[in-house]
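Trainee: The following block contains a protein sequence and its predicted model.
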There are 2 protein chains.
Amino acid sequence: MRFAVIAGCLLLSGASFAQGWQALPEVAPHPPDNPPDEAKVALGKQLFFDPRFSSTGTVSCNSCHNVMAGGDDSRTTSMGVHGLTGPRNAPTVWNAAFHSVQFWDGRAKTLEDQAKGPVVAGVEMGMSSLEAAIERVRQIPGYVAQFGAVFGGEQPVTIDNAAKAVAAYERTLITPNSPFDRYVNGDDSALTEQQVRGMQTFQTLGCVACHRGPAFNGPTMPDGQGFYISFPFHDSPYVEKYGLRDEDGRFAVSGNPDDKHKYRVPTLRNIALTAPYFHNGRVKTLAEAVRVMAPSQLHKTLSDQQVSDVVAFLESLTGEFPEQTMPRLPTTPGRSIVADTPH
Amino acid sequence: MRFAVIAGCLLLSGASFAQGWQALPEVAPHPPDNPPDEAKVALGKQLFFDPRFSSTGTVSCNSCHNVMAGGDDSRTTSMGVHGLTGPRNAPTVWNAAFHSVQFWDGRAKTLEDQAKGPVVAGVEMGMSSLEAAIERVRQIPGYVAQFGAVFGGEQPVTIDNAAKAVAAYERTLITPNSPFDRYVNGDDSALTEQQVRGMQTFQTLGCVACHRGPAFNGPTMPDGQGFYISFPFHDSPYVEKYGLRDEDGRFAVSGNPDDKHKYRVPTLRNIALTAPYFHNGRVKTLAEAVRVMAPSQLHKTLSDQQVSDVVAFLESLTGEFPEQTMPRLPTTPGRSIVADTPH
């Protein structure tokens, strides 16, 4: 592992600190009450891909968090049932297991909690209640048998168990062995010269103050506690141009005025695959995102060369996506639970 | 192979004809100008799953023809971009390769032709033109390289080549080895007693007049020529109850008055997985579909026992779905072709 001393951390009171570049682990941590196993992960994958738990039968977790792509949806903000759109850009599900809190505003402490949110969001999956969603699951004999085998108990098909299965699947969505990771692990040929230069620029500029750790999303935090940063931290013409302060960020969740315009620091893993950028998705390219970040967070302006170098470095964070088999979705022979219920 | 003589073919002038129950082939026929190969099928699978070729970036072929399920969408009629819905129930893509024409009204002669339709249908994928769709493909370097490797030539990324790739993938979507197929191939234990009874009922009632051949969709037809039948053929209270004559069927395509309310005979393969039923999707259960068919096509009324037996037989037509790996969708690093274009 390579180590480097990083100075110029603007956001942490100018303190110097030692930082090691860290490769992405191949296994994610899991909560003690939700250990992974093969059957649970398989069930979670089925639920993740199953659109029948949206009101219209058209939206699954994978609709906005497409694991065949960057784990998001390529859109400015996501589109759910009935063509409705929400206010925020979909965060990637790849490596979400390395976040200590979920959603842009950290309003879910765990992947398990997060999994329940979109199901009942009117502009996402649009179910009237979690109970209505789980009632659909209960009508599918194959799922009932699988929940029983995985979770046991008299009534294994519960919202919490469904969330546990989905979260267990999501913890398998890890992309190790990016060029950056191979470089950090000693393969000097893994990065181009420009990428190495971009890596140094990323460090000396101070980007690493927030984007550090194996997922480039901040220091190790206790589970359920977020690493939140004001965005934008400094004024610039970009604030108006891209509406960067058009919403309240974490303040809307916590009610704490200190949280105004604060967001969880997102991972930079696979960032080249998740355009457009930022909480409102209004910045269309990675190069422009880098240009915006420098004055907004570091009070700096980058040369075109610096932007280009940092983008090249960020492209080295695209990892290897594990091959996955498609799930088979269990059936309700001779009828459809979607067509049966009004929506 | 078991053979049976079938009488009582009401629709074919009462003629008797010899019919063999036929197992589903494991390989589908293909047009001479589109032989399958591994790279082409892989490309077709990527395109089939890629939502970026819809105006909103949310709808792929798989959205309405979900191969993880019955090859359809569980909905009465499909929902495309912006939550818009069309007039017809999505036919399954599984075993579509065994149809001599495509769509309910047979307006596409081949899978290649069919693949182009939904891309520019306003209520489906909603692209302004096929050219606009292929222009998006051309912006994705990974696809450009794959089209070149598969099709060669100076400008390999064309609408026709994209359609060929998708069709080549769809020809791999075959579900052999259903209980029915195993029974036909000599395994007496593959069907239950009730299913065997239902099979006999299906034959003696005359359902086989139209639903015959290995895909239960009619006699072998020359490619591009459809086997069309009036639906409903006879009057019954179901006509009004389910709006069975609310649209013109093939007449809207051909302009031939003889084609009014005619439809391509759909396959019955995996019919238990594709509720709701009929061209307008208004009949919710397989049992009700069987009940409707008897007076509508055969001028008969079935007992509850007959309905139940025929449904049991139809459930034996659910085949084995091949395990598939998920495609990886190639990227446009640092930007999104969906967010880049207005929709």
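Mentor: Yes, it's here.

Trainee: Residue A:100 contacts residue A:225, doesn't it?
Mentor: Yes. If you go by CB atoms under 8 Å, residue A:100 and residue A:225 touch, sitting 5.8 Å apart. The C-beta positions use only the backbone N, C-alpha and C, and glycine is treated the same way.

Trainee: The two - which one has more neighbours?
Mentor: Neighbours were counted for residue A:100 and for residue A:225 using other CB atoms under 10 Å in any protein chain shown; residue A:100 has more, 20 against 11.

Trainee: can you tell me which helix or strand that one belongs to?
Mentor: According to DSSP states H and E, residue A:100 maps onto no helix or strand at all.

Trainee: dump the residue contacts of the closest residue in space to it that isn't next to it in sequence.
Mentor: Counting by CB to CB, 6 or more residues apart in numbering or on different chains, residue A:100 lies nearest to residue A:221, which is 3.9 Å off, once chain neighbours are set aside. Taking CB atoms under 8 Å, 6 or more residues apart in numbering or on different chains, we find residue A:221 in contact with A:100-101, A:227.

Trainee: how close does residue A:221 get to residue A:209?
Mentor: As for residue A:221, its distance to residue A:209 is 15 Å (criterion: CB to CB, to the nearest Å).

Trainee: now do residue A:300
Mentor: Distance, residue A:300 to residue A:209, by CB to CB: 12 Å.

Trainee: swap in residue A:22?
Mentor: Distance from residue A:22 to residue A:209, by CB to CB: 15 Å.

Trainee: Looking at those two, which has the bigger crowd around it?
Mentor: Per other CB under 10 Å, whichever of residue A:22 and residue A:209 has more neighbours is residue A:209, with 24 against 17.

Trainee: Next, that one: phi, psi?
Mentor: Per-residue torsions, residue A:209: phi -60, psi -40 (degrees, to the nearest 10).

Trainee: Okay, and residue A:293 sits in which element?
Mentor: Using DSSP H and E, residue A:293 sits in helix A:286-298.

Trainee: quick one: is whichever helix or strand comes after that helix near chain B?
Mentor: The first helix or strand that comes after helix A:286-298 along the chain, using DSSP H and E, is helix A:304-315. Yes. Interface with chain B: helix A:304-315 contributes A:311, A:315 (CB under 8 Å from any CB of the partner chain).

Trainee: got the angle for helix A:304-315 vs helix A:286-298?
Mentor: Per axes from the mean of the first three to the mean of the last three CA atoms, to 10 degrees, the angle that helix A:304-315 makes with helix A:286-298 is 100 degrees.

Trainee: Name the surrounding residues that touch the helix or strand following helix A:304-315.
Mentor: Next in sequence after helix A:304-315, counting helices and strands by DSSP H and E, comes helix A:337-340. Outside helix A:337-340, the residues that touch it by CB under 8 Å, 6+ apart are A:52, A:56-57, A:136, A:139-140, B:73-76, B:275-276, B:281, B:284.

Trainee: And stretch A:311-322, by the same measure?
Mentor: Surrounding stretch A:311-322, the residues in contact under the criterion CB under 8 Å, 6+ apart are A:24, A:67, A:94, A:172, A:174-181, A:183, A:190-192, A:194-199, A:201-202, A:216, A:268-273, A:286-287, A:290, B:328, B:333-334.

Trainee: which ones among those residues are found in helices?
Mentor: Secondary structure from DSSP state H places A:179-181, A:183, A:194-199, A:201-202, A:286-287, A:290 of the contacts of stretch A:311-322 in helices.

Trainee: so which of those residues comes closest to chain B?
Mentor: Nearest to chain B among the ones in helices among the contacts of stretch A:311-322, counting by CB to the nearest CB, is residue A:286 at 3.4 Å.

Trainee: And the pLDDT for that closest one?
Mentor: On pLDDT, residue A:286 comes in at 98.

Trainee: residues contacting it?
Mentor: Residue A:286 neighbours (CB under 8 Å, 6+ apart): A:271-272, A:275, A:277, A:311, A:314-315, B:333-335.

Trainee: Can you flag the buried ones in the contacts of stretch A:311-322?
Mentor: For those, a neighbour count by 16 or more other CB atoms under 10 Å in any protein chain shown gives the buried set as A:24, A:67, A:94, A:174-176, A:178-181, A:183, A:190-191, A:194-199, A:201-202, A:216, A:268-273, A:286-287, A:290, B:328, B:333-334.

Trainee: which residues does the residue of the stretch 101-250 of chain A found nearest chain B contact?
Mentor: Among all residues of the stretch 101-250 of chain A, residue A:126 sits closest to chain B, at 10.2 Å; criterion: CB to the nearest CB. Residue A:126 makes contact with A:54-56, A:59, A:80-82, A:84, A:120, A:343, according to CB under 8 Å, 6+ apart.

Trainee: Buried ones among those?
Mentor: A:54-56, A:59, A:80-82, A:120, A:343.

Trainee: which bits of the stretch 151-300 of chain A sit near chain B?
Mentor: Within the stretch 151-300 of chain A, the positions near chain B by CB under 8 Å from any CB are A:272-273, A:275-276, A:281, A:284-287.

Trainee: switch the cut-off to 10 Å
Mentor: A:270-277, A:281-290 (CB under 10 Å from any CB of the partner chain).

Trainee: And for the stretch 1-150 of chain A?
Mentor: Within reach of chain B by CB under 10 Å from any CB, the stretch 1-150 of chain A has these residues: A:45-46, A:49-52, A:56-60, A:62-64, A:66-70, A:72-85, A:89.

Trainee: Where does pLDDT dip in chain A?
Mentor: Scanning chain A with the threshold set as pLDDT under 70 gives A:1-19, A:342-343.

Trainee: How is it divided into domains?
Mentor: Structural domains assigned to chain A are A:3-26+A:176-315, A:38-173, following automatic domain parsing.

Trainee: What count of nearby residues applies to residue A:224?
Mentor: For residue A:224, using other CB under 10 Å, the count is 14.

Trainee: which SS state does it fall under?
Mentor: Using DSSP: H, G, I helix; E, B strand; the rest coil, the secondary structure recorded for residue A:224 is coil.

Trainee: so what's the spatially closest residue to residue A:215 that is not a sequence neighbour up against?
Mentor: Spatial nearest neighbour of residue A:215, excluding adjacent residues (CB to CB, 6+ apart): residue A:98 at 3.9 Å. With contact set as CB atoms under 10 Å, 6 or more residues apart in numbering or on different chains, residue A:98 has these partners: A:24-25, A:28-29, A:171, A:174, A:213-217, A:220, A:267, A:269.

Trainee: Which one (most neighbours) among these?
Mentor: Of all the contacts of residue A:98, the highest neighbour tally under other CB under 10 Å goes to residue A:269, namely 30 neighbours.

Trainee: and it, how far is that from chain B?
Mentor: 14 Å (CB to the nearest CB, to the nearest Å).

Trainee: if we can go back for a sec, which of the three states applies to the residue of the stretch 101-250 of chain A closest to chain B?
Mentor: Secondary structure of residue A:126, per three-state DSSP, is coil.

Trainee: quick check, residue A:229 in a strand?
Mentor: Yes. According to three-state DSSP, residue A:229 belongs to a strand.

Trainee: Restrict the contacts of helix A:337-340 to the buried ones and give me that as a ChimeraX selection.
Mentor: A single ChimeraX command selects the buried members of the contacts of helix A:337-340 (16+ other CB under 10 Å):
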select /A:52,56,57,136,140 /B:73,74,75,76,275,276,281,284
